[in-house]
Structures are given as C-alpha cells and as structure tokens.
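Visitor: Sequence first, then the predicted structure:
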Amino acid sequence: MRISPAVPGARILGLGEYQPATVVTNADLAARMDTSDEWIRTRVGIRSRRIAGPTESVADMAVIAGGKALAAAGLDPTDVDLVIVATCTMPSPIPHAAAQVAARLGIPAPGAYDLNAACAGFVYGLTAAASAVTSGAANRVLLVGAEKLSDWVDRDDRSTAIIFADGAGAAVVGPAATEDEVGIGPVVWGSTGEQVDLIRIADRNSYLWQEGQAVFRWATTALAPVAVEACRRAGIAPTDLAAFVPHQANLRIIEAIARRLGAAGVPVADDIVDAGNTSSASIPLALARMAARGDVRPGDPVLLLGFGAGLTYAGQVVLCP
Amino acid sequence: MANEEIREGLAEILEEVAGVQPDDVSEDKTFTDDLDVDSLSMVEIALAAEERFGVKIPDDELANLKTVGDAVTFIEKAKAAA
C-alpha cells in the first residue's frame, strides 16, 4: 500500500466573515430585562451584538463566510476537497452542517464533517485542517466556525442573553508557499473534563448555562500559560506577535489573559465589543475583521487562543494570509 | 497574623482590583452593596488573596463572604488550619 504524498507545511490562504443584520444594543436589552448599559459594559465589555433572523441558520451563515474566504483566497469551489464546520449550536445533531455548506457553495463531493470543541472549535479545526493538508489527505480545506447561540440562549436570562450572539468566520487552508514556510504553528491544546459542568446545555429542552465565577477563575488563571507555551513552541516571543486574537468570551477575561501573556504593546482583539461572544466563530470573525481593517498584514504572526465548554482549550500561532 | 493585618491586606487588594478607597474598607462593609464590587471582581480579589495569604478560597466559599469581616474571619481560620 502507498501513502498519500505529504507536503511540508500548511498556511491560511484566505479569510471570510459574516455577521447577521440585526443589531441588539445594551439599551435594547435594558428595555426587556433588569440590566443596564453600564452593568453590561463593566462585566463583559459588550456594547452590542448581532442576532440571526428566525429562519437564518448556522449553515446559512457558514455559506456566506465560507464563500468570502474562498474569494479572498482566489480559489474556486472546485479547488476545495475537505470542508470542516466548527459549531456547537446546530438545531439538531444530524444532519451536520459541513456537507450542505459544501453543496451550496458548489464544492463537489468533498470530505465533510462538523467538529464540536465549543469555543475552542476554530483552533481545533485549524489543527485538523493543517494536518489534513500536510498528510496529503486533502489539498485545500475550507474551515468555518459558525454559531447561532441565540437558538440555545434564554432571551430573558440576563446572565447569558447579554453575552452570546451569532455569526460565522472562515479560513481556507492549503499548502505553504515554500518548503520551509510554517504558516500554522504547533498547537498547544488540552481539556479539563473534571469541570464539564461549568458550561453546558443540559438537554434538548434546556438553555445554555454557565457558572460565571468558576469559568472566570479558570480562564484568568489556566489559559495564559497555554498562550505562552504556544508562542514558545512556535519560536516567537510574545512581544514579536502582530496581534493576539483570543476567543471573544468576555473583555475582562481577554484583558486578564493578555496582561499575563507579557506582550506589552501587541494589539489584542476586542471584537466582542460589537460582536458579542460567538463561540467558535469569534476568532475567525475577529481575525478577518482585523485583516480587512489593515490591523494585521499578510505574513504577520498572530496568536490564536480558543477556550470554552468541555472545558477545552487550544492555542496556536498562525501567519495572516 | 492579626485581623488588622488581614484587613489592611484586603484593602490593598480591593484598591488594586476594584479601585475601592482603602479608608472605606471596614469589617462591617458588604462587598456588593457598600463597596460596589461585582462577582467577577470578587474572583479576582479571591485569587489575589489566595496568593497573598497562602490560603484557598473556593468559589462556593466565596459566595458566603458577604462582608469584609466575613473575608477576614475566613482567611484567619484558613491560615490557622494551614
């Protein structure tokens, strides 16, 4: 038996994002529940978030973000042979999103699967995509993080409705440009399943619930070392990063991790302010928007850090496309 | 360690984490209502107090620490047990 021809390295070839049209401001929420703009901003750092329309699905959002990523990469749908959708908010366990997303984009018969590592899903997906490329299992991979948290959040629960939102972000992953280019660095990942109960949707009739203080304690203590280790394994000093793009969980968590990363002066993604927490979509959404604004440029090293339910986490340095 | 030393240490932590004036930190004050400390800042205060006093303050215990005096008493007992 032969093995597939391997390639030495993988990189991100293009990024895309999609946010639904409906903006929900803190004032909108304050009109409906016992909260206020000041209360929300001081606790989670969010000013507004986007919520999908009633008939707008995870797959719908993934298709738009994925199509933009393909266009940014300068590729046709026929160039893609693997589609991965990172999501934890499909309306039902089957069918999964990836195959229908591929079909709607005109990608002919690719490998297709969904991946659930909750808010760490995009970084897990990047690792899977890069491994598929370097092993020869796929040539070009479309990876989308897409979430409709609003389907799983109690809109009258002020502890969650103020935080969670909808959206999608996508990346096309393919072979590195040269033999020695490393576009996707070593992943530092792991999980602490002992704390499985901290963030969960208990069953099909339940809403998302999290133990806020315990999650905050974990996120502000356990994750900075993961971020530091991802830089060390990539051989890049934190101060040499062009940006730090952590999962957009809560601005106070983001700031606490950034302080302990030791990357003074390095821009830190704060997309949460007007996007809310979109779980596996938050990192590609933030990165695509930073790239579109010119905050990061092609070839810039950026540290990604996903973390969330499971509990699960993954950090990785990548080069911007 | 005397109660007063623990109270002073907490006052320093409260000032650093939540911008509370040290003069306001007396044992009868509640964290939430009197000192305007939110639930996430309470975690940051607990983490800083754990480091400073060498004790463990689990989240379920944290929920019972309503006043500065509660926290002083908890830390004093935890130190004595350590």
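Guide: Thanks, I have the structure now.
Visitor: so where do the strands sit in the chain?
Guide: Since you didn't name a chain, this refers to chain A. A:10-18, A:22-25, A:48-51, A:82-86, A:111-115, A:141-148, A:166-175, A:188-191, A:199-201, A:208-210, A:243-246, A:301-308, A:312-319 (DSSP state E).
Visitor: Out of these, which one sits most buried?
Guide: Stretch with highest mean neighbour count among the strands of chain A: strand A:141-148 (a mean of 33; mean count of other CB atoms under 10 Å in any protein chain shown). For the C-beta atoms, the positions are set from N, CA and C on the backbone; glycine is no exception.
Visitor: packing partners for it?
Guide: With contacts defined as 3 or more CB pairs under 8 Å, 6 or more residues apart in numbering or on different chains; DSSP states H and E, strand A:141-148 has these neighbours: helix A:58-73, strand A:82-86, helix A:98-105, helix A:121-135, strand A:166-175, helix A:282-293.
Visitor: ok, back up a step: got JSON lines for the strands of chain A, with mean pLDDT and distance to residue A:277 too?
Guide: Shown next, in JSON lines, are these (pLDDT from 0 to 100; distance: least, CB to CB, whole Å):
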{"stretch": "strand A:10-18", "mean pLDDT": "97", "distance to residue A:277": "15"}
{"stretch": "strand A:22-25", "mean pLDDT": "96", "distance to residue A:277": "13"}
{"stretch": "strand A:48-51", "mean pLDDT": "97", "distance to residue A:277": "8"}
{"stretch": "strand A:82-86", "mean pLDDT": "98", "distance to residue A:277": "15"}
{"stretch": "strand A:111-115", "mean pLDDT": "98", "distance to residue A:277": "19"}
{"stretch": "strand A:141-148", "mean pLDDT": "98", "distance to residue A:277": "9"}
{"stretch": "strand A:166-175", "mean pLDDT": "97", "distance to residue A:277": "10"}
{"stretch": "strand A:188-191", "mean pLDDT": "98", "distance to residue A:277": "20"}
{"stretch": "strand A:199-201", "mean pLDDT": "96", "distance to residue A:277": "11"}
{"stretch": "strand A:208-210", "mean pLDDT": "95", "distance to residue A:277": "10"}
{"stretch": "strand A:243-246", "mean pLDDT": "98", "distance to residue A:277": "11"}
{"stretch": "strand A:301-308", "mean pLDDT": "98", "distance to residue A:277": "9"}
{"stretch": "strand A:312-319", "mean pLDDT": "98", "distance to residue A:277": "15"}
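Visitor: what domains does the record give for chain A?
Guide: A:10-175, A:188-319 (automatic domain parsing).
Visitor: what comes up buried for the lengthiest helix in chain A?
Guide: Longest among the helix segments of chain A by residue count, using DSSP state H, is helix A:212-234. Using 16 or more other CB atoms under 10 Å in any protein chain shown as the test for burial, helix A:212-234 gives A:212-220, A:222-224, A:226-228, A:230-231, A:234.
Visitor: my guess is residue A:320 meets residue A:300, correct?
Guide: Yes: checked against CB atoms under 8 Å, the pair residue A:320 and residue A:300 is within contact range at 4.6 Å.
Visitor: Could you tell me which residues touch both of those two?
Guide: Common contacts of residue A:320 and residue A:300, defined by CB atoms under 8 Å, 6 or more residues apart in numbering or on different chains, comprise residue A:242.
Visitor: Between the two, which is the more surrounded one?
Guide: residue A:320 (20 against 16; other CB atoms under 10 Å in any protein chain shown).
Visitor: Report pLDDT for that one.
Guide: Listed pLDDT for residue A:320 reads 96.
Visitor: One more: residue B:39?
Guide: 87.
Visitor: How about it: what's its closest non-neighbour residue?
Guide: Of all residues beyond its chain neighbours, the one nearest residue B:39 is residue A:213 (5.7 Å), with distances taken as CB to CB, 6 or more residues apart in numbering or on different chains.
Visitor: hang on, isn't that neighbour packed against residue B:62?
Guide: Yes: the pair residue A:213 and residue B:62 passes the contact test of CB under 8 Å, sitting 6.9 Å apart.
Visitor: between the two, what contacts are shared?
Guide: B:42-43.
Visitor: How about the residues of chain B by chain A?
Guide: Neighbours of chain A within chain B, by CB under 8 Å from any CB of the partner chain: B:38-40, B:42-44, B:46-47, B:59, B:62.
Visitor: Pull out the buried members of these.
Guide: Taking 16+ other CB under 10 Å as the criterion, what is buried in the residues of chain B next to chain A is B:39-40, B:42-44, B:46-47, B:59, B:62.
Visitor: May I have stretch A:226-242 as PDB, with CA atoms only?
Guide: Provided in PDB are the C-alpha atoms of stretch A:226-242 (Å, rounded to 0.1, in the frame of the first residue of the first chain):
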ATOM      1  CA  VAL A 226      -1.200  27.900  27.300                       C
ATOM      2  CA  ALA A 227      -0.800  31.100  25.300                       C
ATOM      3  CA  VAL A 228       2.900  31.500  26.400                       C
ATOM      4  CA  GLU A 229       3.600  27.900  25.500                       C
ATOM      5  CA  ALA A 230       2.100  28.200  22.000                       C
ATOM      6  CA  CYS A 231       4.500  31.100  21.400                       C
ATOM      7  CA  ARG A 232       7.400  29.200  22.800                       C
ATOM      8  CA  ARG A 233       6.700  26.200  20.600                       C
ATOM      9  CA  ALA A 234       6.400  28.400  17.600                       C
ATOM     10  CA  GLY A 235       9.700  30.000  18.400                       C
ATOM     11  CA  ILE A 236       8.200  33.500  18.600                       C
ATOM     12  CA  ALA A 237       8.500  35.900  21.500                       C
ATOM     13  CA  PRO A 238       5.100  37.200  22.600                       C
ATOM     14  CA  THR A 239       6.300  40.800  22.100                       C
ATOM     15  CA  ASP A 240       7.100  39.900  18.400                       C
ATOM     16  CA  LEU A 241       3.400  39.000  17.700                       C
ATOM     17  CA  ALA A 242       1.500  41.300  15.400                       C
END
